[in-house]
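J.: Need coordinates for the following:
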Amino acid sequence: MSRKLFALYIAALFIQGLFAHSTVYAGSNDLPVSQVPAELLTDADAVVREHSMRFVYEQPGRGELHVRRVITVLNREARTHGEVSLRYDSFTSVHNISAALYDSDGNRIRRIRNRDIDDRPAFSNINFVDDARLKSFELFHNQYPYTIELEYTIRFRGFINLPGFVPQANERLSVQNASFEVTLPVLQPVEFRTFNIENAEPAEELRGGNRKLSWELNNLPVIRREAYGPRVRDLIPLILIKSDEFSMNGENGSLQSWNDFGAWVNGLWSGRQGLTPETISRIEQIAASHQSQEEIIMALYSYLQRNTRYVSIQLGIGGWQTETALFTDQNRYGDCKALTNMLKAMLDVAGIPSYPALIASGDAHREIDPAFPFNSFNHAILMVPLESDTLWIESTSNIFPPGYIGRANHDRYTLVFNDNGGTLVRTPFLGPEQNFQQRKADISILPNGTASARINTRYGGHQHESIRYIAGLQRGAQATRVERLLALNRAEIREFQVEADPLAAFAGVFAELEVPSFGRRMGNRIFIVPNMFENHMRVAPAVQNRQQAVHLNMNYSDRDELVYKLPDNFVIEALPASVSHETSFGRYEVTYRYDDETHSLIYTRELRFEPAVLPAEKYELFIDFTAVVARNDQAQLVLVQAD
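T.: Numbers count the residues shown, from 1 in each chain. From the prediction side, this is the model:
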């Protein structure tokens with residue numbers, strides 16, 4: 001993953017100040033905690049007393065940001081707001097840092113001096129080569145509440161988006177006063193989007209040859225995310241702003257359209273796919289030994305996985321421009337861009353067209369708006385259009401099969417770019433049919449309640465990712481992970497095997513084990529919960545006067561078929577009833593069947609969830625569904641010893 005791409009996006013939003021828990025400055029007359037309105041203290045760990053950002057746009061890629069922020073820390077949960085880290089790199093510089101700490105009455109306790117500020121590399125990991133650095137320090141007090149104030153200026157020498165505004169970045173944070181100002185030339189076009197802001201339209205002021213756009217927010221209580229409500233990212237107040245023109249490292253570009261932005265990125269990548277004659281010959285040999293395009297792609301992807309590793313190289317414009325394929329081939333490492341570019345170069349040699357794609361990987365970002373070209377990308381993958389389908393490839397993974405790009409990249413817009421510019425293309429959606437877990441087990445129950453079991457479980461899609469990871473571990477680490485996976489108290493694993501399909505998104509776990517006291521023996525009876533493995537559903541909590549929509553992000557299907565060989569001289573005294581419960585978002589079914597011929601009980605369980613968004617008034621349906629699952633998952637079978 002390109003860390004520079006991610007860092008630039010975070011810089012644009014200035015979440016929690018600027019990077020990790022930044023905090024800001026205000027007048028001391030307003031600092032006593034007694035001046036905080038009572039409603040802002042309710043459920044809060046901290047109160048933003050003031051958060052102001054003033055950005056002056058000078059020309060594409062040039063500007064200055066002044067930040068002032070005051071935050072009152074109410075308890076230990078908010079202590080991290082005193083961990084201040086201001087990031088800078090070859091495109092930014094940080095100036096005029098001042099910070100101080102105040103007690104609850106507004107008396108200054110400590111002031112940060114230059115000697116207190118640590119200037120260090122942003123990354124110390126050997127897998128990162130980066131020119132980013134951090135100016136960092138800490139402000140803590142041993143008595144709560146206390147107040148931190150901070151002021152600083154950032155000078156920009158290259159940017160794509162203008163800085164964004166996020167005064168309230170988490171749930172247990174209230175805001176007393178916040179303001180955002182952007183000053184730019186009158187004729188400079190600018191476009192913005194606001195989210196969760198009551199007065200979305202800015203005040204506008206013309207002065208000389210400039211215009212100023214400004215927003216003010218006051219007395220924002222803590223964000224209360226209801227159970228199964230929207231993600232916090234979709235609840236926080238946010239302003240995104242951009243100009244049509246931008247510049248990075250002297251490379252001028254346009255955000256007027258996705259096509260324009262893709263053309264700019266493509267220009268940075270163009271002509272960087274050359275390889276040595278020796279490598280070209282090797283690729284041609286690999287391609288010649290396979291017949292179909294799919295087989296060639298799989299072979300070349302496997303070659304990339306075996307011969308390269310991920311290292312993030314983010315120097316200068318390296319967050320956007322890929323290293324050459326020649327560099328990646330010779331050094332056997334690269335970041336997401338370099339590895340994607342290397343695979344594209346190999347496919348070019350094999351005569352198979354492919355196109356790089358920028359993507360916002362993970363769950364931290366809002367859904368891309370096709371009508372608002374804006375940079376929120378942090379990663380690069382490869383799209384390979386075939387005659388019958390389109391193959392997407394995650395070049396940074398050395399364990400994924402071809403065509404599987406992971407849960408972090410599924411079902412979202414990418415910006416695919418080539419010589420014709422950029423186009424938004426959505427990655428595939430994987431539904432419950434693909435994200436499956438299918439388990440079969442033969443279990444023998446002894447008269448003392450001990451169970452011995454042979455278990456085969458197959459996984460697909462998102463559910464197979466962790467199993468594929470386990471398959472690549474050493475035997476001892478595998479044993480620990482399999483034990484956690486089965487989650488059976490006091491289970492003694494006698495044998496196990498973990499396998500991952502090299503060509504498709506499937507994996508499997510086989511285990512032989514013994515579980516002492518699986519059945520609870522009381523007198524001449526044995527009490528058993530037939531649902532041996534999936535006892536983790538909890539009833540959704542009640543929410544009084546619910547206001548938020550219900551966001552059900554579960555997206556999977558599970559099926560268990562467990563055959564219990566019952567002990568001789570024991571018969572079924574009490575058998576739970578079979579259950580079938582279906583809604584628009586999920587299905588749950590449990591069946592019990594006794595086989596007289598084998599003296600066995602066949603237990604089946606199916607649970608399926610479809611991702612859905614329900615209106616607030618439908619939340620009770622979800623509560624009822626989880627109650628049905630939780631109750632029946634715990635249902636007991638009673639065996640009694642025959643006379």
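J.: so where is the chain shaky, pLDDT-wise?
T.: Counting by pLDDT under 70, the chain has low-confidence residues at 1-29, 123-130, 313-318.
J.: can you pull out the helices in it?
T.: 3-13, 38-41, 258-269, 277-288, 293-307, 325-331, 336-349, 465-471, 475-486, 619-633 (DSSP state H).
J.: helices and strands around the third one, which ones?
T.: Spelled out, it's helix 258-269. strand 251-254, strand 413-418, strand 421-426 (3 or more C-beta pairs under 8 Å, 6 or more residues apart in numbering; DSSP states H and E). All C-beta spots, glycine's among them, are computed from the backbone N, C-alpha and C.
J.: Out of these, which one sits most buried?
T.: strand 413-418 (a mean of 23; mean count of other C-beta atoms under 10 Å).
J.: so what strands line up beside that one?
T.: strand 355-359 (antiparallel), strand 421-426 (antiparallel) (DSSP bridges).
J.: Burial check on the spatially closest residue to residue 519 that is not a sequence neighbour, number of neighbours?
T.: Distance criterion C-beta to C-beta, 6 or more residues apart in numbering; nearest residue to residue 519, sequence neighbours excluded, is residue 449 at 3.4 Å. Residues lying near residue 449 (other C-beta atoms under 10 Å) number 19.
J.: Could you do the one 5 residues further on as well?
T.: With neighbours defined by other C-beta under 10 Å, the count for residue 454 comes to 16.
J.: Ok, residue 631 next?
T.: If you count neighbours by other C-beta under 10 Å, residue 631 ends up with 13.
J.: I'd like to know how far it sits from residue 511.
T.: Distance of residue 631 to residue 511, computed by C-beta to C-beta, to the nearest Å: 28 Å.
J.: likewise residue 453?
T.: Taken as C-beta to C-beta, the span from residue 453 to residue 511 is 8 Å.
J.: ok so, going back, can I get the strands paired with strand 413-418 in a markdown table including distance to residue 169?
T.: Converted to a markdown table, those look like this (distance: least, C-beta to C-beta, whole Å):
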| stretch | distance to residue 169 |
| --- | --- |
| strand 355-359 | 23 |
| strand 421-426 | 27 |
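J.: quick one: which of those strands is nearest residue 34?
T.: strand 355-359 (48.5 Å; C-beta to C-beta).
J.: mind saving the C-alpha coords of the closest one as CSV?
T.: Only the C-alpha atoms of strand 355-359 are listed here, as CSV (Å, rounded to 0.1, in the frame of the first residue of the first chain):
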residue,chain,number,x,y,z
TYR,A,355,-4.4,-1.1,-16.5
PRO,A,356,-3.3,0.3,-13.1
ALA,A,357,-6.1,1.5,-10.8
LEU,A,358,-6.0,3.8,-7.8
ILE,A,359,-8.3,2.8,-4.9
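J.: Helix 258-269 and that one, what's the angle between them?
T.: 120 degrees (axes from the mean of the first three to the mean of the last three C-alpha atoms, to 10 degrees).
J.: From the chain's centroid, how far away is strand 355-359?
T.: Here the centre of strand 355-359 is set off from its chain's centre by 18 Å, with C-alpha atoms, centre = their mean, to the nearest Å.
J.: who touches that strand?
T.: 5, 265, 269, 322, 337, 340-341, 344, 377-385, 392, 409, 412-418, 425, 427 (C-beta atoms under 8 Å, 6 or more residues apart in numbering).
J.: Can you flag the buried ones in those?
T.: Buried members of the contacts of strand 355-359, counted by 16 or more other C-beta atoms under 10 Å: 5, 265, 269, 322, 337, 340-341, 344, 377-384, 392, 409, 412-418, 425, 427.
J.: Identify the residue spatially nearest to residue 361, adjacent ones excluded.
T.: Spatially, and ignoring its direct neighbours in sequence, residue 361 is nearest to residue 379 (3.9 Å; C-beta to C-beta, 6+ apart).
J.: Wait, the one you found touches residue 365, no?
T.: No: Residue 379 is beyond contact range of residue 365, at 10.6 Å (criterion: C-beta atoms under 8 Å).
J.: neighbours around the closest residue to residue 89 other than its chain neighbours, how many?
T.: Of all residues not flanking residue 89 in the chain, residue 132 sits nearest, at 4.3 Å (C-beta to C-beta, 6+ apart). By other C-beta under 10 Å, 22 other residues sit near residue 132.
J.: Likewise for residue 526?
T.: Residues contacting residue 526 under the criterion other C-beta under 10 Å number 24.
J.: Could you do residue 389 as well?
T.: For residue 389, the neighbour count with other C-beta under 10 Å is 10.
J.: hang on, the earlier thing: relative to residue 526, how far out is the residue nearest to residue 519?
T.: Taking C-beta to C-beta, one finds residue 449 at 5 Å from residue 526.
J.: Overlap in contacts, the two.
T.: In contact with both residue 449 and residue 526: 519, 520, using C-beta under 8 Å, 6+ apart.
J.: if we can go back for a sec, so what pairs up with the residue nearest to residue 361 in the strands?
T.: residue 359.
J.: That one and residue 360, how far apart?
T.: Relative to residue 360, residue 379 is positioned 7 Å away (C-beta to C-beta).
J.: and the nearest residue to residue 568 once chain neighbours are set aside, how many residues sit next to it?
T.: Take residue 568 and drop its neighbours on the chain: the residue closest to it by C-beta to C-beta, 6+ apart is residue 599, 7.5 Å away. Residue 599 has 15 neighbours, counted by other C-beta under 10 Å.
J.: now residue 615
T.: Around residue 615 there are 10 residues (other C-beta under 10 Å).
J.: try residue 64
T.: 15.
J.: I'd say the residue nearest to residue 89 and residue 121 touch.
T.: Yes: assessed by C-beta under 8 Å, residue 132 is found in contact with residue 121 at 7.4 Å.
J.: shared neighbours, those two?
T.: With contacts defined as C-beta under 8 Å, 6+ apart, no residue is adjacent to both residue 132 and residue 121.
J.: Point out the one among the helices of the chain that comes closest to residue 438.
T.: helix 465-471 (12.3 Å).
J.: Show me which positions of the closest one end up buried.
T.: For helix 465-471, by 16+ other C-beta under 10 Å, it's 465, 467, 468, 470, 471.
J.: residues in contact with that helix?
T.: With contact meaning C-beta under 8 Å, 6+ apart, helix 465-471 is reached by 399-400, 406-407, 459, 477-478, 481-482, 485, 498-500, 507-509.
J.: Just name the closest of the residues you listed to residue 612, please.
T.: Checking these one by one against residue 612 (C-beta to C-beta), the nearest turns out to be residue 407, at 17.6 Å.
J.: what's the closest non-adjacent residue to the closest one?
T.: That would be residue 462: by C-beta to C-beta, 6+ apart, it lies 4.4 Å from residue 407.
J.: OK, contacts around the one you found?
T.: When contacts are counted by C-beta under 8 Å, 6+ apart, residue 462 touches 407, 410, 430, 434, 435, 555, 556.
J.: of all those residues, which two lie farthest apart?
T.: Top of the distance list for those (C-beta to C-beta): 410 and 556, 12.8 Å.
J.: doesn't residue 642 make contact with residue 524?
T.: No: using C-beta under 8 Å, residue 524 makes no contact with residue 642, being 9.1 Å away.
J.: Between these two, which has more neighbouring residues?
T.: More neighbours surround residue 524 than the other of residue 524 and residue 642, with 14 against 9 (other C-beta under 10 Å).
J.: Distance check, the spatially closest residue to the more buried one that is not a sequence neighbour against residue 501.
T.: Excluding the flanking residues, the one nearest residue 524 by C-beta to C-beta, 6+ apart is residue 641, at 4.0 Å. In this structure, residue 641 and residue 501 are 46 Å apart, going by C-beta to C-beta.
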